[in-house]
Each structure stands twice: as structure tokens, then as C-alpha cells.
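K.L.:
Provided below are the primary sequence and the corresponding predicted coordinates.
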Amino acid sequence: MQTKDETQESGFLQKPIARLSFLKYAGASMAAAGLLMAGCKKDSGTTTDDGINLGSGDVGILNYAYALEQLEAAFYTQVIATPYFGMSSAELAILGDLKKHEIAHRDFFKAAIGTAAIPSLVMNFTSIDFNNRASVLATAKAFEDLGVSAYNGAGKLIVDVNYLLLAGKIVSVEARHAAAIRDLINPGSADFSGDDVIVGGLDGAKTPLQVLSIASAYLTTKLNANNLPTS
């Protein structure tokens, strides 16, 4: 028998506030446990000719995730602000929920990293036609897949198990997003995962450098990942 919390989790697209509340609770728990990164690793956030320094260690990885969540939050915010032609009420509801989730992720990381957080990034969405359904959904699919592979690739680089646990809870939501977008592209199909994502029954993983190389096409702000851990 499902508990109340489990029921809320199973209907995450219909009840976005449950996920938002969880992230606020998680942030409060981290603060109470003295896990906030404020005041640590002052190397992060500095700007040089090589771009904004993400930092090193766990701070660097959290800033890396924060940058990606900024990207996704900005994308879905634009999608909802300028709905593509023919967007149905169901699509608007789903994409609106994804926007809320990504904003919650973004704000969570900003609060968790504290004064060591990188600044807000400037996006470059000129390659996306926000009036075109195919362009928007294809980009959403690419962003969600990229996010899943990013978290999977960065997990082994996180030292603090508390951050690893929270990253695992967030990547599972990103994977649900990826499935939801696929269902919008091919309604009712069995393509909820996609052969281009699943490798041997497991989601793929990308290194931070691989991910940022792809994400940079949508960022005006240059990021410097030279100090991120690699193993």
C-alpha cells in the first residue's frame, strides 16, 4: 500500500509542489546539518579570460550542476513565456511542471553552494525556434538527456555522500522529464526511454568536459572547468 508521500511522488507531473516542497526541505536539512558550502572554496565564481571558474572538489561539481540547472530553468521559462503554435493545454501543463522542477533544482543548488556559487549565466537560445513545436521538444529532449548523462558522469566525482544522495534524487527526476518529453514527441509509443539513451540497460554518462562542450552552444557566458575533479 502506498504512503501519502509515495502517492505524491508517483504523480509528479500532476503535483509539482510535492517535488518543490521536497527540495526546500532538503535544503533546510542541509543547512541544519552544517553542510552548506557558504564561505568555502573561494576560487569558484572568479572570472578570467578562460571564463567563470566553477571551482574544485565538491563545490566545483555542485557549481557544474547549478550551471546546467540554470540552463534548463531558463529554457523552460522561455517555453512557457512564449508557447509554441498549437501548444495544447495538456502540453502546457506538463511543460509548466518541468519549468517548476528545474527552477526548484536551480534555486536549491544556489542556496546549497552559498557564497561559493557562480553568478547567474547569460543564455544563448538563438538556435531554438520557440514558435515551433518540433524545435522546442527536440531541444527539451536533448537538454533532459544531457542532464541525465551529466549527473551520471559526475556522481563518481562527488566526495560527500550527502551531496551524492541529493544528486541521485535530482537525476531521477531528470530521467522522468526525459520520458515525459518522449511521450509528447511520440504519444502513446513505447519510446519512453529511447535507444539513443539506454546503453546495455543503463543510462549513458558523460564527463563534465563533454557535457559543457555541448551546453556551451546555448551559453553566452563562458565557463572554466579546469579545476573540476576528474577521478
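P.N.:
Sure thing, it's come through.
K.L.:
I'd like the average pLDDT over the helix or strand harbouring H101.
P.N.:
In the assignment (DSSP states H and E), H101 maps to helix 89-113. Averaging pLDDT along helix 89-113 yields 95.
K.L.:
export the very next helix or strand once past it as CSV, just CAs?
P.N.:
Next along the chain after helix 89-113, taking DSSP H and E as the criterion, comes helix 133-154. Only the C-alpha atoms of helix 133-154 are listed here, as CSV (Å, rounded to 0.1, in the frame of the first residue of the first chain):
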residue,chain,number,x,y,z
ARG,A,133,6.8,22.6,-31.5
ALA,A,134,9.4,20.2,-33.1
SER,A,135,12.2,22.6,-32.3
VAL,A,136,11.2,23.1,-28.7
LEU,A,137,10.6,19.4,-27.9
ALA,A,138,13.7,18.3,-29.7
THR,A,139,15.7,20.8,-27.6
ALA,A,140,13.9,19.7,-24.4
LYS,A,141,14.8,16.1,-25.2
ALA,A,142,18.4,17.0,-25.8
PHE,A,143,18.6,19.0,-22.5
GLU,A,144,17.0,16.3,-20.4
ASP,A,145,19.2,13.6,-21.9
LEU,A,146,22.2,15.8,-21.4
GLY,A,147,21.3,16.4,-17.8
VAL,A,148,20.9,12.7,-17.0
SER,A,149,24.2,11.8,-18.6
ALA,A,150,25.8,14.8,-16.7
TYR,A,151,24.7,13.6,-13.3
ASN,A,152,25.6,10.0,-14.1
GLY,A,153,29.1,11.1,-15.1
ALA,A,154,29.6,13.4,-12.2
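K.L.:
Tell me what angle the following helix or strand past helix 133-154 forms with helix 89-113.
P.N.:
The helix or strand immediately downstream of helix 133-154 is helix 161-185, counting by DSSP H and E. Helix 161-185 and helix 89-113 meet at an angle of 160 degrees, taking axes from the mean of the first three to the mean of the last three Cα atoms, to 10 degrees as the criterion.
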